[in-house]
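*Asks:* After the sequence you'll find the predicted model.
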Amino acid sequence: MDYDKLLTLSSDLGYHLLLSGAEIYRVEESVQYLLTAYGVETGEVFAIPNCVIVSLTAPGQKPITRVRRVPSHGTDISRMEDLNALCRRLCAETPDLDRAAEVLAETVERPSHTPVAVELAAYVLLTSTFCLFFGGTARDAFCGGVCGLAVGLVLPFLTRLGSNLFFKAMVGGFCCGLLAAGLTDLGVGEHMDLIITGAIMAQAPGLVITNFMRDIMAGDMMSGLVKLAEALLTGAGIALGTGVALSLVNTMWGVL
Amino acid sequence: MMELLLPCLYAFLACLGFCVLFRISGPGAVFCSLGGALAWLVYLLAGPVMGGNDVLQYFWAAVFLSAYAEVMARVRKCPATGYLLIAFIPLVPGAGIYNMMEAALRGDTQDFLTTGLHTLSIAGSLAVGVLVVFSLVRLQRMLQRRKQTKQGDEP
């Protein structure tokens, strides 16, 4: 068997699983299962949220290793489900390695794109309902929806430009703060703090901190710490952006 | 009654929004969002029982939600990840982490520590709730597998 191809296949699978937002344990287990299914008992895999390393020792050969860096990514559950199903299939059927690589490439290339309008509608829906959820009024919900629309327009744009996590959080927070303060001052919104907390939920900083706790308690210390840093950075970015926007609006309101 | 059901409805709609962003489509999206709404109902109902200790309320909601996710994963034959991610969003302390960092930027150390510890304890209790169910499910799966291999060896 060509062990190089097996290494490429398994590390690619791990890479794409991480890219689709799968948990660390799922990535490590899937790669391990795949290696075992192809008869390699000496395979090792190590994954953290932005890197996956696969290494194996073929009988009578030198150990071989492959490292794949994972760029910052979103979450794509439907792709993750596809990849998970593919991994099970490969483990059960163990097809020829070339064929397996083809199937993997097919699964990854399948476009999974949501239309922009639907995505924007989702942002508006979730921010306005979170405003209501936190106890806001209908007018607050409207303002929250406007903030959500702005965030939904700005975030994908920044992601496409490849800007980092902290900057994205900051710009998102800035938009929310500016619009919330502006709309409240104009008399449209009633509770500015509720509008802001509802609107920043679009960036979901709370998910990361819960996942951090889960990873730490499950024993994945490294990825847990990476996620803690991510959560704190996101939180700080949003707070900083909002703070700047609020002080800006206050100053301007004072001048006008 | 209404003050119980309305937040759950909002939680459902918010989860539906996140389903689109995380690319879950079809019936899966509805089941995920339903999980979020039911988990919030559990949280609210646990309030009087737990004597207003919200950390424990979050714990029970997390236990319920993970059990729901495992059941749904079995029924629909797909990973529980989607359910655990999306249905958790109404529970996770997103506002908490924002308030915490906002206090830090204001230079209010006392407020930073208070909200920070509260946020961390909510995240911790959610994580414990998930892990308890997760570990139990794993344990049961391992026992089942061992039983099967034993039966395979005997004949």
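*Replies:* Perfect, I can see it now.
*Asks:* Buried residues in the strand or helix carrying A:L153, which are they?
*Replies:* In this structure, A:L153 sits in helix A:138-161 according to DSSP states H and E. Within helix A:138-161, the residues that count as buried by 16 or more other CB atoms under 10 Å in any protein chain shown are A:139-152, A:155-156. Every residue, glycine included, has its C-beta placed from N, CA and C.
*Asks:* low-scoring stretches of the chain, by residue?
*Replies:* Assuming you mean chain A. A:112, A:205, A:255-256 (pLDDT under 70).
*Asks:* hmm, I had chain B in mind actually
*Replies:* B:152-155.
*Asks:* quick one: the helix or strand hosting A:T197 to helix A:138-161, angle?
*Replies:* Using DSSP H and E, A:T197 falls within helix A:192-200. With axes from the mean of the first three to the mean of the last three CA atoms, to 10 degrees as the basis, helix A:192-200 and helix A:138-161 are set at 40 degrees to each other.
*Asks:* before we move on, back to that, farthest pair in the buried residues of helix A:138-161?
*Replies:* A:R139 and A:P156 (27.4 Å; CB to CB).
*Asks:* Please name the nearest non-neighbouring residue to A:I200.
*Replies:* Leaving aside its chain neighbours, A:I200 sits nearest to A:I238 (5.2 Å; criterion: CB to CB, 6 or more residues apart in numbering or on different chains).
*Asks:* The one helix or strand the one you found maps to to helix A:192-200, inter-axis angle?
*Replies:* Using DSSP H and E, the element containing A:I238 is helix A:221-255. Going by the same axes, to 10 degrees, helix A:221-255 is angled at 140 degrees with respect to helix A:192-200.
*Asks:* Check which helices and strands helix A:221-255 is in contact with.
*Replies:* strand A:44-48, helix A:165-185, helix A:192-200, helix A:205-218, helix B:94-106 (3 or more CB pairs under 8 Å, 6 or more residues apart in numbering or on different chains; DSSP states H and E).
*Asks:* at 6 Å what do you get?
*Replies:* strand A:44-48, helix A:165-185, helix A:205-218, helix B:94-106 (3 or more CB pairs under 6 Å, 6 or more residues apart in numbering or on different chains; DSSP states H and E).
*Asks:* Buried deepest among these, which one?
*Replies:* helix A:205-218 (a mean of 24; mean count of other CB atoms under 10 Å in any protein chain shown).
*Asks:* Give me the contact list for it.
*Replies:* Here helix A:205-218 makes contact (CB atoms under 6 Å, 6 or more residues apart in numbering or on different chains) with A:223-224, A:227-228, A:230-231, A:234-235, B:92-94, B:97, B:123-124, B:126-127, B:130-131.
*Asks:* What of stretch A:149-168?
*Replies:* With contacts defined as CB under 6 Å, 6+ apart, stretch A:149-168 is touched by A:L120, A:Y123, A:V124, A:V171, A:G172, A:C175, A:L179, A:A202, A:L233, A:G237.
*Asks:* Distance to B:Q144 for these - can I get that in CSV?
*Replies:* Conversion of the contacts of stretch A:149-168 to CSV gives the following (distance: CB to CB, whole Å):
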residue, distance to B:Q144
A:L120, 46
A:Y123, 43
A:V124, 46
A:V171, 50
A:G172, 45
A:C175, 51
A:L179, 53
A:A202, 41
A:L233, 42
A:G237, 45
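*Asks:* so which of the residues you listed comes closest to chain B?
*Replies:* Among the contacts of stretch A:149-168, A:Y123 lies closest to chain B (CB to the nearest CB), at 6.9 Å.
*Asks:* helices and strands around the helix or strand that contains B:L120, which ones?
*Replies:* Per DSSP H and E: B:L120 is located in helix B:109-153. On a contact count with 3+ CB pairs under 6 Å, 6+ apart, helix B:109-153 meets helix A:205-218, helix B:54-76, helix B:94-106.
*Asks:* mind listing what the residue nearest to A:I200 touches?
*Replies:* Applying CB under 6 Å, 6+ apart to A:I238 gives the contacts A:A169, A:G173, A:I200, B:Y98.
*Asks:* What is the neighbour count of the third one?
*Replies:* Spelled out, it's A:I200. Counted with other CB atoms under 10 Å in any protein chain shown, the neighbours of A:I200 add up to 34.
*Asks:* Next up, the contacts around it.
*Replies:* A:C176, A:I238, B:Y98.
*Asks:* which among those gets closest to B:A67?
*Replies:* Closest to B:A67 out of those is B:Y98 (29.5 Å), distances taken as CB to CB.
*Asks:* tell me the contacts of A:V70?
*Replies:* A:L18, A:L19, A:N50.
*Asks:* Write out the residues of the stretch 51-200 of chain A neighbouring chain B.
*Replies:* A:75-78, A:81, A:84, A:112, A:122, A:125-126, A:129-130, A:132-133, A:197, A:200 (CB under 6 Å from any CB of the partner chain).
*Asks:* tell me which parts of chain B are close to chain A?
*Replies:* Close to chain A, as judged by CB under 6 Å from any CB, chain B has residues B:7, B:10, B:13-14, B:17-18, B:20-24, B:78-79, B:82, B:92-95, B:97-98, B:101-102, B:105, B:123-124, B:126-127, B:130-131.
*Asks:* what are the phi and psi values for the closest residue to B:A73 other than its chain neighbours?
*Replies:* Leaving aside its sequence neighbours, B:A73 sits nearest to B:A80 (CB to CB, 6+ apart; 3.9 Å). Main-chain dihedrals, B:A80, degrees, to the nearest 10: phi -80, psi -10.
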